[in-house]
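Trainee: here's a sequence, model it:
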Amino acid sequence: MPAHDFGMLDNLPFPAYVVGVEQEIVFANRALKEALGGPDPAGRRCCEALGIFDWCHDPAACPIGDALALRSRPVRVRFSGAAFHPYLLWTSPRGRDVLVFLGELSGEEPRGETARRLVELTAIHRITSGIAQAQELRQVLRLTLKEVIKALDGDKGVIYLRDGNRFRTRERYGVSDRFALHPKIASRDVREWGFQPVICDVASARSKAEGIHSWISVPLTAAGRPTGLIIVTSAHERHFRQPERQFLETIATDVGMAVANAELLEKVLQLSVRDPLTGLFNRARFEETLKDSLTEPVSVCVIDLDGLKLVNDTLGHARGDEMIQAAAGIIVRSCGSGGIAARIGGDEFAVIMPGTDETEAERLCQAILGGVEEFNRAGAPLQLSVSVGHATARGMPLAAAVRAADAAMYRNKTGKTVDRRCSLFSLLNSVLAESGRLAGDQTERLSKLAKVFGEAAGLGPEQERDLELLAVAHDVGKVGVPDYVYLKPGPLTAEERSLMEKHCEIGHRIAKGAAELDSVARFILHHHERWDGLGYPDGLGSEEIPLVCRMLAIIDAYDAMISERPYRGAMTNEQALAELRRCGGTQFDPALVDIFLKDVVPALQAG
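Mentor: Numbering: from 1, shown residues only. Below you'll find the model as predicted:
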């Protein structure tokens, strides 16, 4: 056993040491070293290091050898040595070692102070052995509580462990919920209870009703930090004194350290199977579950969170993390305790449902979609959108069902064109509004203009969709423009204008990285090109400019002119239309200006 296993013995006020199988001293406590007045005897054979016993010169008579041989019971021998008054040598097997205690002799059998020390030493021995051998924290706590109650001649006890700044009951013996959960203990701030031992000589009437007439409390600590609290009670008043407090304090550090180590191990184990952001199982644990024998049929639901890359790139990963956590919460609430939920990718989740058929799997998917709708209706700043798919395994590998569910999810994602576009518009609105790059109902106005203009220009369905999405997403790159430039109330300097013009390239990069916007990425890049070739960023002219970009230029300019701006008032409708006519052939495609004036404006006025 390494010496640090015996740290509790150093706090004892009487000599004690540990002897190994070769009768070498493994550990000597402080009291023994002070009594000997020499160097630390650890590492030497006890007969050579101590030389204080009569039998040190006759190893055959050594009771320590008997203890090593017998192991089944303690060995007690009276002796008188050079460094000690008449003392009792008491040995007890401890795994491969023997613990030796030198207690003051009083009569034929140990009693009084020596008897108490023997009882305490036995408890310390068992607790330290338990800490070394226990596989779980609960075993350590149960053994500790049992031994300290016995050693202190108590009746009941409870161990609390720290949970934030409060204590939470983790092990108890004999005490009721009423006592264990008493708000004066369980709800009291750790900073009040966690550092000082307390002896209550006369308990309250409430405690006496439960047979508790006095109690003692000692904090469990590790590296000066409270990790818990141990309380032992007695049916007698004034039962606990300073020696009992000292005994509890002797074990408190080692038990507190065991608690800290166990909690650290638990966190490490959790990190190995849990996603730290959501608390769901991670991909590694999910894939292990696929190999388990689960009750058939087994259904799998795959969920994809739409728009996460867009939010990460525009508002930052902290806001994206909030979306992930919100989606995870909805999934957990929807599947309850019967599902095994995991985050298997950046924006992808899965739920394994043992003993569940296709009907139940479909019900789960609908519950998740319903949870998302409820979340959005509650007015969340960032609206969520998810795509779901499910499959059921009957006599087939579960991994195949996961692939089938994934394929179903992608079919769902590409098939819900209208719903998905609405969700994307809502998300873009949230992104632009949160970044201060959206004025009032601007998105709604531009979307309506795009729809009417697309119909009037005879666009095909795909071009219509591109124009409507471009109308909403074209300025997404402005999230990368500094506030001092974007929000400046007056004219921009040449340097500031250059920064503002970068929003086309920023938006293009964002759109290329977000699957939802990839189809309009090149249009976002070119939406500020001019018919006369004097636009930016590439100076394209006339029909080199994509059609939807030429149309957006007219829509965006018209809406800007009839809207209030920080640096000017709104134009009248007539003034805005006159400006469009004047700029046809220079800034705008003249043919498209004619269509806008002849067909779009009247349609808007009529509608």
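
Trainee: run the chain-centre distance for the helix or strand encompassing residue 253.
Mentor: Using DSSP states H and E, residue 253 sits within helix 242-273. On the basis of Cα atoms, centre = their mean, to the nearest Å, helix 242-273 sits 22 Å off its chain's mean C-alpha point.

Trainee: low-confidence stretches in the stretch 451-600 of the chain?
Mentor: Along the stretch 451-600 of the chain, the model assigns pLDDT under 70 to residues 565-568.

Trainee: what about 80?
Mentor: 487, 489-490, 513-517, 564-569 (pLDDT under 80).

Trainee: correct me, but residue 600 touches residue 456?
Mentor: Yes. At 5.2 Å, residue 600 counts as touching residue 456 under the criterion of Cβ atoms under 8 Å. Glycine gets a C-beta too; all of them are placed from N, C-alpha and C.

Trainee: circling back to that earlier point, helices or strands up against the helix holding residue 253?
Mentor: helix 112-133, helix 137-151, strand 214-222, strand 225-234, helix 283-290 (3 or more Cβ pairs under 8 Å, 6 or more residues apart in numbering; DSSP states H and E).

Trainee: residue 198 is nearest to which of those?
Mentor: Closest approach to residue 198 among the helices and strands packed on helix 242-273 (Cβ to Cβ): strand 214-222, 4.4 Å.

Trainee: before we move on, back to that, closest to residue 575 out of the helices and strands packed on helix 242-273?
Mentor: helix 283-290 (59.1 Å).

Trainee: pull the CA atoms of the closest one into CSV?
Mentor: Extracted C-alpha coordinates of helix 283-290, given in CSV (Å, rounded to 0.1, in the frame of the first residue of the first chain):
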residue,chain,number,x,y,z
ARG,A,283,-21.9,9.8,-31.2
ALA,A,284,-19.5,7.2,-29.7
ARG,A,285,-22.1,6.1,-27.2
PHE,A,286,-24.8,6.1,-29.9
GLU,A,287,-22.7,3.8,-32.0
GLU,A,288,-22.1,1.5,-29.1
THR,A,289,-25.8,1.3,-28.5
LEU,A,290,-26.3,0.2,-32.1
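
Trainee: when you give positions from now on, start the count at 38
Mentor: Understood, numbering begins at 38; the last thing we discussed is helix 320-327.

Trainee: that one to helix 279-310, inter-axis angle?
Mentor: 80 degrees (axes from the mean of the first three to the mean of the last three Cα atoms, to 10 degrees).

Trainee: next structured bit after helix 320-327?
Mentor: Next along from helix 320-327, by DSSP H and E: strand 335-342.

Trainee: helix 320-327 and that following strand, what's the angle between them?
Mentor: 160 degrees.

Trainee: ends of stretch 245-254, how far apart?
Mentor: End-to-end distance of stretch 245-254 (Cα to Cα, to the nearest Å): 17 Å.

Trainee: sec struct for residue 379, please.
Mentor: strand (DSSP: H, G, I helix; E, B strand; the rest coil).

Trainee: burial count for residue 63?
Mentor: 23 (other Cβ atoms under 10 Å).

Trainee: ok but it is inside a strand, no?
Mentor: Yes. Assessed with three-state DSSP, residue 63 lies in a strand.

Trainee: state the mean pLDDT of stretch 178-194.
Mentor: For stretch 178-194, mean pLDDT is 88.

Trainee: could you list the buried residues of that stretch?
Mentor: Residues 178-186, 188-189, 191-194 are the ones in stretch 178-194 that count as buried (16 or more other Cβ atoms under 10 Å).

Trainee: let me know the closest of these to residue 366.
Mentor: Using Cβ to Cβ, the buried residues of stretch 178-194 come closest to residue 366 at residue 178, 31.9 Å.

Trainee: list the contacts for the closest one?
Mentor: 196, 207, 208, 292, 296 (Cβ atoms under 8 Å, 6 or more residues apart in numbering).

Trainee: most neighbours, which of those?
Mentor: Neighbour max across these (other Cβ under 10 Å) = residue 292, 29 neighbours.

Trainee: give me the distance between it and residue 265.
Mentor: 8 Å (Cβ to Cβ, to the nearest Å).

Trainee: and for these two, which residues touch both?
Mentor: With Cβ under 8 Å, 6+ apart as the test, residue 292 and residue 265 both reach residue 257.

Trainee: for the closest residue to residue 336 other than its chain neighbours, which three-state class applies?
Mentor: Distances taken as Cβ to Cβ, 6 or more residues apart in numbering place residue 398 nearest to residue 336, at 3.7 Å, with adjacent residues excluded. Recorded secondary structure, residue 398: helix (three-state DSSP).

Trainee: and residue 205, by the same measure?
Mentor: strand.

Trainee: what are the phi and psi values for residue 609?
Mentor: The phi/psi pair for residue 609 (degrees, to the nearest 10) reads phi -80, psi 170.
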